[in-house]
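Participant: Pasting a predicted model and its sequence here:
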Amino acid sequence: GAGEMMTRSPVKVTLSEGPYHIATFKDSPKEYDLTKEADLASLRKEIELRMRGSVKDGQTISSEVISLSVKGPGLQRMVLVDLPGIISTETIGMASDTKNSITRLANNYMSNPNAIILCIQDGSVDAERSNVTELVSKMDPHGKRTIFVLTKVDMAEANLHDTDRIQKILDGKLFPMKALGYFAVVTGKGNADDPIDLIQKYEEDFFRNSKLFGNGVFKATQTTTRNLSFAVSDCFWKMVKESVEQQADTFKASRFNLETEWKNSFTKMREQDRDELFEKARGEILDEVVNLSLIPSQQWEDNLTKYLWSQMSNFIFDDVFLTAAQAESVGGFNTTVDVKLQQWAEKELPRQCINIGHDVLLDEFQGLIEREQKSRSHDPITNDLKMQVVQACRT
């Protein structure tokens with residue numbers, strides 16, 4: 001952070017919801033507490049050591065991926081890949097092919113049609129000094145999977161007299177590229193030892209007191225890292241849904257063509273080999289996966305509520321209220337209830353919610369399969385395979 005560590009190789013970060021802010025490497029059980037300065041410094045040092053170790057002699061960057069997972073309250077589930085920044089010139093000490101190597105590496109990741117491109121522009125420097133927007137516009141000319149991010153806007157506000165320039169950037173009118181959204185963020189004061197909570201507070205305080213925000217240059221929906229993460233998450237899951245639906249449509253079309261061919265060839269007989277039966281069942285299972293997205297949100301909420309209460313009612317009555325009822329005063333009763341519920345919420349509730357969500361999802365999935373099996377047009381030959389899939393998911 002703060003210009004002290006150059007990204008020398010791709011860093012793949014898997015974000016997910018969790019009770020505490022922790023980070024772990026894929027090949028190590030050690031956990032780093034992201035709320036502690038010592039652990040943050042240790043994590044940065046470990047990433048830098050792994051980067052340096054991945055770079056071969058005579059080279060400046062590496063294509064070897066460093067994988068880690070980050071969990072914490074409110075984190076949206078997604079996978080981020082941090083790449084070496086695009087450079088325009090090679091400085092002393094860099095390998096002669098560093099510029100081209102970085103460009104090839106970035107193109108390799110951005111060429112994936114399922115990848116979301118975060119185009120990062122330093123707000124504290126002139127836009128003309130950056131050539132990353134030109135590279136992104138070549139990979140995603142219509143901006144269907146690009147999100148533009150303007151960083152260090154606190155420094156830009158302090159140094160920039162032309163406020164129209166920032167507004168043009170956030171309106172998408174300054175760069176020759178298109179994007180799904182344009183965001184302004186602040187990633188701290190530049191101190192590498194600042195914890196996450198302090199960085200988030202500094203960002204919130206800046207936008208709350210920003211003159212540009214008051215003048216309408218910054219819009220509420222275009223600011224803060226939190227809103228940016230929501231936008232990336234929405235874009236990610238939208239692409240996942242479209243990909244699943246596209247695969248399901250492909251399987252449906254293939255199955256329909258095969259069945260039509262066989263019906264025309266054997267009007268009184270329908271034969272399928274093992275592979276065809278497997279593909280048939282696979283296509284039907286994918287159909288039910290897509291149908292999960294059609295279940296009303298109220299039905300999900302009702303089932304989750306029912307499961308939560310059935311799993312936790314005994315604990316609430318037996319371990320919490322009966323124990324608290326032995327107190328000699330109302331104050332003692334309330335104190336015991338508060339302590340018991342707080343301990344339960346911190347230790348058991350997150351794990352139980354994950355397990356219950358898993359069970360509800362599988363029950364709904366199994367219910368869709370069973371309802372399909374009762375229809376008149378259903379072929380029972382794949383019933384056993386489908387139920388085996390459900391049982392395998394449960395175990």
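Facilitator: Good, I have the coordinates.

Participant: mind listing the helices for the stretch 1-150 of the chain?
Facilitator: All helices of the stretch 1-150 of the chain, identified by DSSP state H, counting those that start in this stretch, fall at 37-54, 98-110, 132-139.

Participant: any idea how this structure splits into domains?
Facilitator: 11-235, 272-394 (automatic domain parsing).

Participant: After the helix or strand encompassing Glu242, which helix or strand is next? Please name it.
Facilitator: Glu242 belongs to helix 225-265 when assigned by DSSP states H and E. Sequence-wise, the next helix or strand downstream of helix 225-265 (DSSP H and E) is helix 274-292.

Participant: Let me see the contact set for the closest residue to Lys56 other than its chain neighbours.
Facilitator: Counting by CB to CB, 6 or more residues apart in numbering, the nearest residue to Lys56 once its immediate chain neighbours are dropped is Ser62, at 6.9 Å. All C-beta atoms are positioned from the backbone trio N, CA, C, and that covers glycine. Each residue near Ser62 by CB atoms under 8 Å, 6 or more residues apart in numbering is listed here: 8-9, 51, 54-56.

Participant: Tell me how far Ser62 lies from Asp82.
Facilitator: Distance, Ser62 to Asp82, by CB to CB, to the nearest Å: 13 Å.

Participant: Check Met269 and give its pLDDT.
Facilitator: Met269 is assigned 62 on the pLDDT scale.

Participant: how many neighbours does the residue nearest to Val13 when sequence neighbours are not counted have?
Facilitator: Counting by CB to CB, 6+ apart, Val13 lies nearest to Leu80, which is 4.7 Å off, once chain neighbours are set aside. Using other CB atoms under 10 Å, Leu80 is surrounded by 15 other residues.

Participant: and the angle from the helix holding Glu242 to helix 274-292?
Facilitator: Angle between the axes of helix 225-265 and helix 274-292 is 140 degrees (criterion: axes from the mean of the first three to the mean of the last three CA atoms, to 10 degrees).

Participant: Can you tell me, leaving aside adjacent residues, what's nearest to Val360?
Facilitator: Using CB to CB, 6+ apart, the closest residue to Val360 is Asn303 (4.9 Å).

Participant: okay, now the one you found: neighbour count?
Facilitator: If you count neighbours by other CB under 10 Å, Asn303 ends up with 19.

Participant: How much space separates it from Glu364?
Facilitator: Noted for Asn303: a distance of 7 Å to Glu364, by CB to CB.

Participant: returning to what we had before: and the contacts of Ser62, which of them are buried?
Facilitator: The neighbour count (16 or more other CB atoms under 10 Å) marks 8-9, 51, 54 as buried among these.

Participant: Return the member of those nearest to Val232.
Facilitator: Here the nearest of these to Val232, counting by CB to CB, is Ser9; it sits at 22.0 Å.

Participant: Can you point out the helix or strand that includes the residue nearest to Val360?
Facilitator: helix 297-314.

Participant: What is that helix packed up against?
Facilitator: Helices and strands touching helix 297-314, by 3 or more CB pairs under 8 Å, 6 or more residues apart in numbering; DSSP states H and E, are helix 349-373.

Participant: Pull out the buried residues from the helix it packs on.
Facilitator: 352-353, 356, 360, 364-366, 368-369, 372.

Participant: Ok, stretch 10-24 next?
Facilitator: Those would be 10-11, 15, 18, 21-24, for stretch 10-24 by 16+ other CB under 10 Å.

Participant: Stretch 26-40 too?
Facilitator: By neighbour count, and taking 16+ other CB under 10 Å as the criterion, the buried residues in stretch 26-40 are 32-34, 39-40.

Participant: Give me the contact list for that stretch.
Facilitator: With contacts defined as CB under 8 Å, 6+ apart, stretch 26-40 is touched by 20-24, 42-43, 67-70, 72, 193, 195-197.
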